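Engineer: I'd like to go over a predicted model; first the sequence, then the structure.
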Amino acid sequence: MNFWLSYIIVAEIFSIAALSTNLLVGVIGIFSVSQAAIMGVGAYTVALLTLGHVLPFAAALVLAALICSVLNILLALPSLRVAGDYFVVTSFGSQLVATALFINWSSLTGGASGLTAIPSAEVFGFPLDESSQFLLLSTILLAATSMSYWLLMRSPFGRTIDAIRQDEVSVVAAGKDVLRAKLSVSAVSGAYAGVAGGLYAAYFSFIDPTAFDINVSILILTMLVVGGARTLLGSIMGPFLLWALPQLLNQIDIPSTAVGPLRQLIFGILLVAFMLFRPQGIAGRRLG
Amino acid sequence: MIAPYLAVDAVSKRFGGLQALNDCSFTVERRKTTCLVGPNGAGKTTVFNVITGFIPPDGGTITFNGRPLNCLTPRNIVQGGIARTFQNLRLFEEMTALDNVIVYLSGDEATGPLAALARPFHVNNELKRKRARALAHLETVGLAHKADEVPKNLSYGQQKLLCIARILATEADVLLLDEPTSGLSQGALSAMVDMIHKLKEQGHTLLIVEHNTRMVQRIADEIIFLHQGHCLAQGAPGIILKDPKLTEIYFGGTV
Amino acid sequence: MLFLQLLADGLISGMAVGVVAISFSLVYATTRVFHVAHAGLYTLGGYIAWYATERGLALGLACVLAMAGAAAVGGLIQQQLYARLERSKASPLVMLIASLGALAILQNLIAIAFTPNILSFSNSWRLETFAIGPVTLSYAQIVLAIACLIAFFWLLWFTQTTRHGRRIRAVASNPLLAEITRLRPATVSIQVMMIASGLVAIPGVLVGLDQAMQPYTGTLVLLTATIAMIAGGIGSLTGAFIVSIVLSVLQTLSLAVMSGRWAIAATFGLFIVFILIKPEGLFRKR
């Protein structure tokens, strides 16, 4: 029973992260490999605040969302003002730099060993020690995130950002502030990623830099690609399907050094295969 | 003497080895329909791009209502009252005609994710209002019955009318139409001419790039003849179109 | 003196990054794809050579084999992946994601075959050093420097002077026109990918020879290389090469004042500052 609870909880956390990526990659059409880095900032923020008893969990989560929101805006700002491919470099750069920071700023992040004994999530003073209790929290937050995504996309603003992907020049000719729209979306995307990270930290009680490195960004991207972009269903289906992969691999008898690479290899194959044969994923719309 | 409504003054623009605009000067009078004619490559679309802020000129000024437009962004220029269509339409292919118009609607109230998330009911009303406004613009161009169709299900003529609906939605006064009649069949052509007359009646100032000289005679109050990036002549259609030197340049023959 | 040593080290590693940058730039300018899988080809080259030398092959031959192998895989990626996507009118985003997938495939196949652990070449002479005044260089470094300089000048000569090179530049500057005339951009793209992949194998092998091999280090090198390409001005091979050296020198010099682990953060910070100030690059080639 615990296995399934854990599975669903983690899949839900990654669904929130996938929605974050969906906004940037699926809706606006910007390439991103830094989703794990932002999630990591959220995770470390919540971990540090609750470990140091500075803030209760709920407040820490909100603060993490805000910080990640601002961070995403700052990262997007310089390169969105210039042509699109610069953003690719910024995305890679921020992911790699974030991992370097997580590893090397040991006084803050615990270095390569990470942070342990992170307190469990606490709502209204009530600690969620059991997985079944945490499941309630993660499900509510996923529902809230999904709701906000839905509200966003059906609003006039949602149409504008959808149009930006289809023909940015045309949106400029419509008199809309495309830069501000992209930054707003980056902000929301950051907030979602921060929430996912905070939940991750509280659930696992232990985080280290490898939990938020480029491999995890690729995992989240693959979840979006497989599930499908620009739909709620796709952003949830992808994580639920793909989270099975590491579990399955753990059952097979292969040398431990090959597990990680094999997993990443499969993600790579999935990315290439879906781009070639099914860019809309299982339940989404065509990328780009 | 009153300042001209829209004035292009000694504007030049070079792209690598090509001098697209060369000391180009002309004026556009308010509420009049002015047609930009000239052989291919004369710089007509470049003029549009420069006026609407998509390309900065190398030299010269563009003034609108006394204010210089040179340093403004395309967004500011649209909000200031000058909107344009594109030769290649640039419709949003994945959206319905109605949504295409909604994106172009002027007014940014309640846009932004914060509003969408924090005040969902307000946004709902906002959406209803925008739908109604967009539908009205579709009615003006005669496409209300196609509101829920995506562009690929519309005929070419209807797609061009949709472009007109979009720029009407911006509530701009000056409308720059880039070859509105090109590629249209006879029936669609008439519909477009009627549309342009309607725009005139509504009091819009029109600047139209047009190749079809018969069209020009039907709609233009004034003609600007562009050649190799320079304005050779500006005047009434009757005079310009009968000028033998100009028709020589344009056709190598008679009108 | 430490400064001169760091300067020399930075200069040489900069030339390696430079070859990565110019080969990437060649692909980018011609195919318009932001070919992140390039990092995988860099690594592939290194491991092919390592495998060959472990089997007893001389280093020179192993290097040639590595270049050929990388060129073959690069050409395959262009022909089977990018060309297909382009035919189905895929957007740049789709191409990027596909390239990222290819990178993951390459790096992780290598990690599975050779384990993710660090491997070293066993050529005995590679560690021997050579002193020029206050500076000590390993033989491997010297070979690296010479090879990379040759690669740079060769590519410069090839693209500026030869008919083939000019054909490539023509396709790069106007692919649509190339389609209509008889330049056959599809074939040119494959050739370009093969040339670029063969070139990037050179630093892949020789940096591996000088230091060590690891499946995932290519990504960081490519990041520095693309930053150099952008800062040097897209389209300028010389610009990309020079800025690569400058960035590497700065990175190496920074070792004197801070831990090497912050080097990438410093480079990235420079990049952000740079695109805020002068996004069109230092050596514009229009």
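Structural biologist: Perfect, thanks for sending it.
Engineer: flag the shaky bits of the stretch 51-200 of chain A, pLDDT-wise.
Structural biologist: In the predicted model, the stretch 51-200 of chain A carries pLDDT under 70 at residues A:79, A:81-84.
Engineer: identify the residues contacting stretch B:186-199?
Structural biologist: B:33, B:140-142, B:155-158, B:160-161, B:164, B:175, B:177, B:180-181, B:184, B:206, B:208, B:215, B:218-219 (Cβ atoms under 8 Å, 6 or more residues apart in numbering or on different chains). Any C-beta I mention is one placed from the backbone N, CA and C, and that applies to glycine too.
Engineer: so which bits of that stretch are buried?
Structural biologist: B:188-189, B:191-193, B:195-196, B:199 (16 or more other Cβ atoms under 10 Å in any protein chain shown).
Engineer: between those residues, which sits nearest B:Pro4?
Structural biologist: B:Leu199 (20.1 Å; Cβ to Cβ).
Engineer: phi and psi next, for that closest one.
Structural biologist: Per-residue torsions, B:Leu199: phi -60, psi -40 (degrees, to the nearest 10).
Engineer: mind checking how far it is from A:Ser132?
Structural biologist: 65 Å (Cβ to Cβ, to the nearest Å).
Engineer: same check, this time on A:Arg285
Structural biologist: 35 Å.
Engineer: more neighbours: these two, which one.
Structural biologist: A:Arg285 (17 against 12; other Cβ atoms under 10 Å in any protein chain shown).
Engineer: now that one. Nearest residue, chain neighbours left out?
Structural biologist: The shortest distance from A:Arg285 to any non-neighbouring residue, by Cβ to Cβ, 6 or more residues apart in numbering or on different chains, is to A:Arg230 (4.4 Å).
Engineer: show the contacting residues for the one you found.
Structural biologist: So A:Arg230 contacts A:22, A:26-27, A:162, A:284-285 (Cβ under 8 Å, 6+ apart).
Engineer: could you pull up phi and psi at it?
Structural biologist: Taking degrees, to the nearest 10 as the convention, A:Arg230 sits at phi 60, psi 20.
Engineer: tell me how many other residues crowd A:Ala163.
Structural biologist: Considering only other Cβ under 10 Å, A:Ala163 is surrounded by 24 other residues.
Engineer: and for the one 10 residues further on?
Structural biologist: For A:Ala173, the count of nearby residues is 26 (other Cβ under 10 Å).
Engineer: all the helices of the stretch 1-150 of chain B, in order from the start?
Structural biologist: B:44-51, B:74-80, B:97-104, B:113-118, B:120-140 (DSSP state H, counting those that start in this stretch).
Engineer: relative to chain C, which of the ones you listed is closest?
Structural biologist: Comparing the helices of the stretch 1-150 of chain B against chain C with Cβ to the nearest Cβ, the closest turns out to be helix B:44-51 (17.3 Å).
Engineer: tell me if the closest one is near chain A.
Structural biologist: No - using Cβ under 8 Å from any Cβ of the partner chain, we find that helix B:44-51 stays clear of chain A, coming within 10.3 Å at best.
Engineer: put the alpha carbons of that helix into PDB.
Structural biologist: Output in PDB follows, covering the C-alpha atoms of helix B:44-51 (Å, rounded to 0.1, in the frame of the first residue of the first chain):
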ATOM      1  CA  LYS B  44       6.200  49.500 -50.300                       C
ATOM      2  CA  THR B  45       6.300  46.900 -47.600                       C
ATOM      3  CA  THR B  46       9.400  48.400 -46.200                       C
ATOM      4  CA  VAL B  47       7.600  51.700 -45.800                       C
ATOM      5  CA  PHE B  48       4.900  49.800 -43.900                       C
ATOM      6  CA  ASN B  49       7.500  48.200 -41.700                       C
ATOM      7  CA  VAL B  50       9.200  51.500 -41.000                       C
ATOM      8  CA  ILE B  51       6.000  53.400 -40.200                       C
END
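Engineer: which other helices and strands contact that helix?
Structural biologist: Applying 3 or more Cβ pairs under 8 Å, 6 or more residues apart in numbering or on different chains; DSSP states H and E, we find helix B:44-51 packed against strand B:6-15, strand B:18-28, strand B:82-84, strand B:174-178, strand B:205-209.
Engineer: no further questions, thank you.
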